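Engineer: Output the structure for:
(2 chains)
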Amino acid sequence: MNQGRFSWFNATSLTLGFAFLYLPMLILIIYSFNESRLVTVWAGFSTKWYGELLQNEAFLDAAWVTLKVGLWSSTLATILGTMAAYAMVRMGRFTGRGLFSGMIYAPLVMPEVITGLALLLFFIAIGLDRGVVTIALAHTTFSMCYVSVVVTSRLVTFDKSLEEAALDLGCTPFDAFRSVTLPIIMPAVVSGWLLAFTLSLDDLVIASFTSGPSSTTLPIKIFSAVRLGVSPEINALSTIMIGIVTVGVISASLLSRRRSLRHKEDEQKALRQ
Amino acid sequence: MWRGVFVHADGATMTQQQKKTVFEPWDEPNEQPIIQFKNVTKRFGSFTAIEDLTLDIYRKEFFALLGPSGCGKTTLMRMLAGFETPTEGSILLDNKDIAAVPPNKRAVNMMFQSYALFPHLTVFENIAFGLRRSNMPKADIPGRVEEMLRLTQLMPFAKRKPHQISGGQRQRVALARSLAKAPKLLLLDEPLGALDKKLRNDTQFELMDIQEKTGTTFVIVTHDQEEAMTVASRVAVMDQGRIVQVSTPDRIYESPNSVYVADFIGDINLIKGKAYHVAGEQSEIHWAEGQAPILATSATPCPDGADVTFAIRPEKVAISAERPEDMANAVSGKILDIAYLGNISTYHVELPSGDIVKAQATNTRRVARRRFTWEDEVWLSWTDTAGLILTT
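Structural biologist: Predicted structure coming up:
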């Protein structure tokens, strides 16, 4: 690696950049431990809002709904997105291929309000009661394209002769996909799933179009609670969510680093023999 | 020595090879070929990869497809494996048309150039992969895998993953995996391309050994002529989707049927001229103003004045300080360059006409004591049967 020298300019840039990114969250975390009910006045350290949060049925219900929607939609999006990516990469040239691949990615740039509205009208038209199912379906539609982007980028670098070898050794095309392709692209599929899950946890706009009276997700709950005034409970809840995401991201990157290091070591060991 | 000129034979292998002299199924009229290409053409869009190709391959042959990249040899192999279908014509395996048979239903296995080992499976599981998808009883699989591991000397590595073994070992895993199902036909796509020179030479002999032990028909694709000559019973030289010549390595080397084959295989001097019939099989080739014509023999005499190419291998040209008395052909020239290869040296000699002729001599003396050096005037000579007259 390039051993750069310390420079005040770089240090300042770095500090400003990180401050811009993380100062708001840091303040939120600090105030979640505030004793006072007033959010902007510091009155000493306390964890009481975390305790109260656990008593709040409405928040717990919303959290449960969010989790269910997240698990269902990300799993469904991963299956559909992987299939779409595989078809686009493997089918080769056919007329209208450009149009098809464009249509897979279009939802990425479609304004969420429009996607939400369209889905709402669709669900009303087919007479589907709005609830957990409709939110999950809605989330699947937009997160599926993210999964397909991630999986496509892995598949284009995938050595096609591995699949041919599987066919050559007696696999049917489906068996070759299941027993060779899928295990090898698994890391990309998993990160696609994580991405879809995070997107689903995040989403406010599409969920508010497609949720029903009995099913409110956490972002909707937080948003509507904040409109009545920020409460320290919300701060506590947000801190917990930040914590979960941070632990998830750090452990995922540590795991993948450990794996690639071990892989490299093994290769060097094999070379020395 | 049907296996070609590169085989270093000691006494023991010599007798073994003399036994093999009887293995010439392509000369037996009653022998049924295992593979038949019948007027096969393959087009990709407007590009013709294979053009009207007809070829027979026999049981237990080690058949080499040799040619520069883009000559269609890989396409030919992929059609055998079932990854491509011919546009026209048919391919028969054991007298059955296999055009409609998908790759997973063919009794043909392939060893890929990239080896295509499954990185998530151990060496053992890689070799067992095909067996688990065959109708072999589950209990017999470990035994068969172990047999393959022993054959390729991979026993200690059974539990390792492909990234935990060396390149040479990976190559052997790929071979073991493709042989495990005991295919009627094994296809090898540039199998040794990724290995370094020394390992490649050792592995060539291992391949021949395994081919003999298993009695499988091997078809190998390679662009390395030395490799094809070493391992193959017959070599097909390809150019732009066509087969130019199919023959045993020694015949490909000693009597190529065209300038293309002569030039592709080994080193050769090519001299253009006009042929005139002398007597019997002898012809004269007039090749330059003021130079004595070259005397050469040809089984099929060509018409007087025909444009021909005289081809002669550098090792068949003798180099001497004085004009030799008893040689049919002798020309004098000046040494322009010497390529020292250790065991032999190649002398590039410039003739008064400006042509450069290469002559090879064994280095029987140490390099400091060699007889000729740069700028020396020397005589090059060869007999009337040493060279060839090529009309195409």
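
Engineer: Now the stretch 1-150 of chain A against chain B: closest residue?
Structural biologist: residue A:93 (10.0 Å; Cβ to the nearest Cβ). Heads up, the C-betas are built off the backbone N, CA and C, glycines and all.

Engineer: Name the SS class of that residue, please.
Structural biologist: Secondary structure state of residue A:93, per DSSP: H, G, I helix; E, B strand; the rest coil, is coil.

Engineer: same question, residue B:285
Structural biologist: Applying three-state DSSP: residue B:285 is strand.

Engineer: Run a quick neighbour tally on it.
Structural biologist: 21 (other Cβ atoms under 10 Å in any protein chain shown).

Engineer: Tell me how many other residues surround the closest residue to chain A within the stretch 251-392 of chain B.
Structural biologist: Using Cβ to the nearest Cβ, the closest approach of the stretch 251-392 of chain B to chain A is made by residue B:264 at 27.1 Å. Neighbour count of residue B:264, defined by other Cβ under 10 Å: 22.

Engineer: Skip the chain neighbours and tell me the closest residue to it.
Structural biologist: residue B:237 (6.1 Å; Cβ to Cβ, 6 or more residues apart in numbering or on different chains).

Engineer: which residues touch that neighbour?
Structural biologist: B:66, B:67, B:243, B:244, B:245, B:246, B:252, B:260, B:261, B:264, B:265 (Cβ atoms under 8 Å, 6 or more residues apart in numbering or on different chains).

Engineer: again, only using 10 Å
Structural biologist: B:64-67, B:71, B:73, B:225, B:228, B:243-247, B:252, B:256-258, B:260-261, B:264-265 (Cβ atoms under 10 Å, 6 or more residues apart in numbering or on different chains).

Engineer: neighbours around residue 160, how many?
Structural biologist: Defaulting to chain A. 14.

Engineer: not quite, I wanted chain B
Structural biologist: Around residue B:160 there are 18 residues (other Cβ under 10 Å).

Engineer: can you pull out the strands in chain A?
Structural biologist: Using DSSP state E, chain A contains no strands.

Engineer: Could you list the low-pLDDT ranges of it?
Structural biologist: Within chain A, the stretches with pLDDT under 70 are A:1-4, A:273.

Engineer: Which parts of it are helices?
Structural biologist: A:8-32, A:48-55, A:57-90, A:97-109, A:112-125, A:132-155, A:160-168, A:173-176, A:182-202, A:205-210, A:218-227, A:232-272 (DSSP state H).

Engineer: Show me which residues of the stretch 151-273 of chain A are close to chain B?
Structural biologist: A:159-173, A:175-176, A:179-180, A:182-184, A:186, A:262-267, A:269-273 (Cβ under 10 Å from any Cβ of the partner chain).

Engineer: go with 7 Å
Structural biologist: The stretch 151-273 of chain A has residues A:159, A:161-162, A:164-165, A:167-172, A:180, A:183-184, A:263, A:266-267, A:269-271, A:273 near chain B, with proximity defined as Cβ under 7 Å from any Cβ of the partner chain.

Engineer: If any of those are buried, give me the PyMOL selection for them.
Structural biologist: Buried residues within these, by 16 or more other Cβ atoms under 10 Å in any protein chain shown, are selected in PyMOL with:
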select buried, chain A and resi 161+162+164+165+167+168+169+170+171+180+184+270
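
Engineer: residues in contact with the biggest helix by length in chain B?
Structural biologist: As assigned by DSSP H, the longest helix anywhere in chain B is helix B:197-214. Here helix B:197-214 makes contact (Cβ atoms under 7 Å, 6 or more residues apart in numbering or on different chains) with B:62, B:151, B:168, B:171, B:179, B:192, B:195, B:218, B:227, B:230, B:231.

Engineer: Could you verify my assumption that the first one touches residue B:233?
Structural biologist: Yes - taking Cβ atoms under 7 Å as the contact criterion, residue B:62 and residue B:233 are neighbours in contact, 4.8 Å apart.

Engineer: so where do the helices sit in the stretch 51-200 of chain B?
Structural biologist: B:73-81, B:123-132, B:141-151, B:167-179, B:197-214 (DSSP state H, counting those that start in this stretch).

Engineer: if we look at the shortest one, which residues are touching it?
Structural biologist: When contacts are defined by Cβ under 7 Å, 6+ apart, helix B:73-81 is touched by residues A:168, B:35, B:42, B:49-50, B:65, B:67, B:84, B:86, B:91, B:103, B:108, B:110, B:185, B:187, B:189, B:219, B:221, B:238.

Engineer: now, which of these lie within strands?
Structural biologist: B:35, B:42, B:49-50, B:65, B:91, B:108, B:110, B:185, B:187, B:189, B:219, B:221, B:238.

Engineer: Now flag whichever of those is closest to chain A.
Structural biologist: Closest to chain A, out of all of the ones in strands among the contacts of helix B:73-81 and judged by Cβ to the nearest Cβ, is residue B:110, at 5.0 Å.

Engineer: Spatially central residue in chain B, please.
Structural biologist: The residue lying closest to the centre of chain B (Cα atoms, centre = their mean) is residue B:228, at 2.6 Å.

Engineer: Give me the phi and psi for that one.
Structural biologist: phi -60, psi -40 (degrees, to the nearest 10).

Engineer: Over to stretch B:383-390 now: how far is its first residue from its last?
Structural biologist: 17 Å (Cα to Cα, to the nearest Å).

Engineer: Show residues contacting that stretch.
Structural biologist: Applying Cβ under 7 Å, 6+ apart, the set of residues contacting stretch B:383-390 is B:255, B:258-259, B:262, B:275, B:282-283, B:285, B:295-298, B:302, B:308-312, B:316, B:327-329.

Engineer: next one: stretch B:116-136
Structural biologist: Looking at what lies outside stretch B:116-136 - Cβ under 7 Å, 6+ apart - the contacts are A:159, A:161-162, A:165, A:169-171, A:180, A:183-184, B:141, B:144-145, B:148-149, B:154, B:157-163, B:170, B:173-174, B:176-177, B:180-181.

Engineer: And stretch B:94-109, by the same measure?
Structural biologist: The list of residues contacting stretch B:94-109 from outside it, by Cβ under 7 Å, 6+ apart, reads A:167-172, B:34, B:80-83, B:85-86, B:90-91, B:178, B:181, B:183-187.

Engineer: Recalculate using a threshold of 6 Å.
Structural biologist: A:167-168, A:170-171, B:81-82, B:85, B:90-91, B:178, B:181, B:183-186 (Cβ atoms under 6 Å, 6 or more residues apart in numbering or on different chains).

Engineer: which ones are touching residue B:27?
Structural biologist: Here residue B:27 is in contact with no residues (criterion: Cβ under 6 Å, 6+ apart).

Engineer: Can I take it that residue B:40 is in a helix?
Structural biologist: No - judged by three-state DSSP, residue B:40 forms no part of a helix; its state is strand.

Engineer: Grab the nearest non-local neighbour of it.
Structural biologist: Here the residue nearest residue B:40, using Cβ to Cβ, 6+ apart, is residue B:89, at 3.7 Å.

Engineer: Distance check, the one you found against residue B:76.
Structural biologist: Distance, residue B:89 to residue B:76, by Cβ to Cβ, to the nearest Å: 12 Å.

Engineer: From the neighbour counts alone, determine which of the two ranks first.
Structural biologist: residue B:76 (28 against 17).

Engineer: give me the number of residues near residue 201?
Structural biologist: Using chain A here. 19.

Engineer: meant chain B actually
Structural biologist: Neighbourhood size, residue B:201 [other Cβ under 10 Å]: 15.
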